[in-house]
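K.L.:
Based on what follows, work out the 3D shape:
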Amino acid sequence: MQLGGTQIMYRNGVSHLTANDDFAGVSKIVEWMSFVPDKRNNPVPISPSVDSWDRDVAYMPPQKQPYDVRWMIGGKDDEDGFQPGLFDKDSFVETLGGWARTVVVGRARLGGIPMGVIAVEVRSVENITPADPANPDSIEQVSNEAGGVWYPNSAFKTAQAINDFNFGEQLPLMILANWRGFSGGQRDMYNEVLKYGSYIVDALVKFEQPVFIYIPPFGELRGGSWVVVDPTINPTAMEMYADVEARGGVLEPEGIIGIKYRKDKQLETMARLDPIYADLKRQITNTSLSKEEIDSVKKKMTVREQQLLPVYAQISLQFADLHDRAGRMKAKGVIREILEWKNARRFFYWRVRRRLNEEYILRRIAAATTAAGIHHKATTSATSPQARARHLQQLEAWCNIPNFDKSDREVAIWYEENRKLVTDKVEALKADAITAEMRDLIRVGTTASKDPADSSAWKGVREMLRVMPVEEREKMLKYLKQV
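P.N.:
Numbers count the residues shown, from 1 in each chain. Sure thing, here's the model as predicted:
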């Protein structure tokens, strides 16, 4: 038990879940499998949900107070009754709960749609390193880890969970981002916090399912934590959103003021805006004043500065904070939309539903257009960002829905109601791709030969006709004579 019991394997991240007996273990395995597609590259299993998508998110996290982030995910029971969270009631299954507890990972359903979830613990937690019974000199070590900060273990846990959702389970991912950065202490730097942070970037770059990064109410995304979840590292899959009460930026307002708007600049602003301080500053430049008069003016300036500097500091903090709000993030193009927490469930339900249908169709289109791709260049070009943009334009033309980019509900319903039409159009694209590939092959083979009739391309056509059944060959020859 000291080497491989749950108090070891569950707390060091080796075991995802624990169970008291075999039946409970099998039940947890079956529950986990219910989130995963039955076959690789198949759509995710959407189950009927008793929790309607069309409802408000009732639980509101408090401002600047500790709370359990699981309440945001699954809701909270209190004396007033149940306050539902973002995801379906009782659908959240946490994994790796005993290890690196400053990050919460698991799986939940949004209107019956399974998703991977990564959230941030805002409370401080204790990390206990047990003593080694074989070493009488070793003692148990207890360290406190602050909430909202990535440590080496929690960064590794985040990267591992992202890889699980991507390669193993092919689930869409929701990240409730509320990090102030990475822990920069000497011990954590020695414990490779930067390397584990880079693992998060590696995992997100390779992510092939939709990723939704949402800065929740009163949450903030700062410094290096913004770097590793920025959508530009994988714009095909990742989208970022911010709540109207969220904040985001490299530095906090106090840090910005300490660098960009120090005391000397505040005094310059004071001299520009305050007539009393401006008059005192003009007086001190008067060369006709005596030393006593100059000292008196300086004292008055000092008194005035002490009166006004606290006010100017508050104003400057407010001004710097305006640059960190959702409106500024949207104006700079670093987030896709500004959301309101109580309506976030409605928005994400249709956005996830639309993206899942869309990605499935785009993969079919890419497969159809590369089905005849004999050359490696043709295969890779069909999956490039340019090809994806071209395929999205085709989907927009097929749908013919106004405001295609933002009409998530209408587009999702169209995809689901016109599956046969989409299948027929994809098959037509595949036929066109095969036709173009055959045309190019014959043209290349013909131009490479001195005698076009004796080219390798036409030899291949002749061999194909030779092995065909007689009836099919006659039909083919008749078809070719129609040219």
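K.L.:
for this structure, which spans come out with low pLDDT?
P.N.:
By pLDDT under 70, the low-scoring segments of the chain are 371-383, 445-455, 483.
K.L.:
did I read that right, Val444 in a helix?
P.N.:
Yes - assigned with DSSP: H, G, I helix; E, B strand; the rest coil, Val444 falls within a helix.
K.L.:
does the residue lying closest to it once chain neighbours are set aside belong to a helix or a strand, and which?
P.N.:
Spatial nearest neighbour of Val444, excluding adjacent residues (CB to CB, 6 or more residues apart in numbering): Ala457 at 7.3 Å. Any C-beta I mention is one placed from the backbone N, CA and C, and that applies to glycine too. Counting by DSSP states H and E, the secondary-structure element that holds Ala457 is helix 456-467.
K.L.:
So which elements touch that helix?
P.N.:
Under the contact definition 3 or more CB pairs under 8 Å, 6 or more residues apart in numbering; DSSP states H and E, helix 456-467 sits against helix 419-447, helix 470-481.
K.L.:
Could you list the residues in contact with the last one?
P.N.:
Put plainly, it is helix 470-481. When contacts are defined by CB atoms under 8 Å, 6 or more residues apart in numbering, helix 470-481 is touched by residues Leu465, Met468.
K.L.:
ok, 6 Å please
P.N.:
Under the criterion CB atoms under 6 Å, 6 or more residues apart in numbering, residues Leu465 lie in contact with helix 470-481.
K.L.:
Now do the buried residues in that helix.
P.N.:
Buried residues in helix 470-481, counted by 16 or more other CB atoms under 10 Å: none are found.
K.L.:
circling back: let me have the helices and strands packed on helix 456-467 in JSON lines, extended by distance to Val297.
P.N.:
Formatted as JSON lines, the entries for the helices and strands packed on helix 456-467 read as follows, by distance: least, CB to CB, whole Å:
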{"stretch": "helix 419-447", "distance to Val297": "80"}
{"stretch": "helix 470-481", "distance to Val297": "102"}
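K.L.:
out of those helices, deepest packed?
P.N.:
Counting by mean count of other CB atoms under 10 Å, helix 419-447 has the highest mean neighbour count of the helices and strands packed on helix 456-467, with a mean of 14.
K.L.:
Just want the angle from that helix to helix 456-467.
P.N.:
Counting by axes from the mean of the first three to the mean of the last three CA atoms, to 10 degrees, helix 419-447 points 120 degrees away from the direction of helix 456-467.
K.L.:
so what secondary structure elements neighbour helix 419-447?
P.N.:
Helix 419-447 sits against helix 344-370, helix 456-467, with contacts defined as 3 or more CB pairs under 6 Å, 6 or more residues apart in numbering; DSSP states H and E.
K.L.:
one step back: any idea which of the helices and strands packed on helix 456-467 gets closest to Pro216?
P.N.:
Among the helices and strands packed on helix 456-467, helix 419-447 comes nearest to Pro216, with 35.1 Å by CB to CB.
K.L.:
Skipping adjacent residues, who's closest to Glu31 in space?
P.N.:
Per CB to CB, 6+ apart, closest to Glu31 is Val93, 6.3 Å.
K.L.:
buried residues in the helix holding Ala457?
P.N.:
Ala457, Trp458, Val461.
K.L.:
Looking at these, which one is closest to Asn191?
P.N.:
Nearest to Asn191, judged by CB to CB, of the buried residues of helix 456-467 is Ala457 at 62.0 Å.
K.L.:
That closest one against Arg443, yeah?
P.N.:
No - the criterion here is CB atoms under 6 Å, and Ala457 misses it with Arg443 at 7.9 Å.
K.L.:
before we move on, the earlier item: closest to Arg364 out of the helices and strands packed on helix 456-467?
P.N.:
When these are compared by CB to CB, helix 419-447 sits nearest Arg364, at 5.2 Å.
K.L.:
Just give me how far that closest one sits from the chain centre.
P.N.:
Mean-position distance between helix 419-447 and its chain equals 36 Å (CA atoms, centre = their mean, to the nearest Å).
K.L.:
by how many degrees do it and helix 344-370 diverge?
P.N.:
Going by the same axes, to 10 degrees, helix 419-447 makes 30 degrees with helix 344-370.
K.L.:
For stretch 420-439, list the C-alpha coordinates in CSV.
P.N.:
Once non-C-alpha atoms are left out, stretch 420-439 reads as follows in CSV (Å, rounded to 0.1, in the frame of the first residue of the first chain):
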residue,chain,number,x,y,z
LYS,A,420,-28.3,13.7,-47.8
LEU,A,421,-27.7,16.9,-49.7
VAL,A,422,-24.3,17.3,-48.1
THR,A,423,-23.4,13.7,-48.9
ASP,A,424,-24.4,14.1,-52.5
LYS,A,425,-22.3,17.3,-52.9
VAL,A,426,-19.3,15.6,-51.2
GLU,A,427,-19.6,12.7,-53.6
ALA,A,428,-19.7,15.1,-56.5
LEU,A,429,-16.5,16.8,-55.2
LYS,A,430,-14.9,13.4,-55.0
ALA,A,431,-15.9,12.6,-58.6
ASP,A,432,-14.5,16.0,-59.8
ALA,A,433,-11.3,15.3,-57.9
ILE,A,434,-10.8,11.9,-59.5
THR,A,435,-11.6,13.3,-62.9
ALA,A,436,-9.1,16.1,-62.5
GLU,A,437,-6.5,13.7,-61.2
MET,A,438,-7.0,11.3,-64.2
ARG,A,439,-6.8,14.2,-66.6
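K.L.:
Before I go, just wanted to say thanks for your time.
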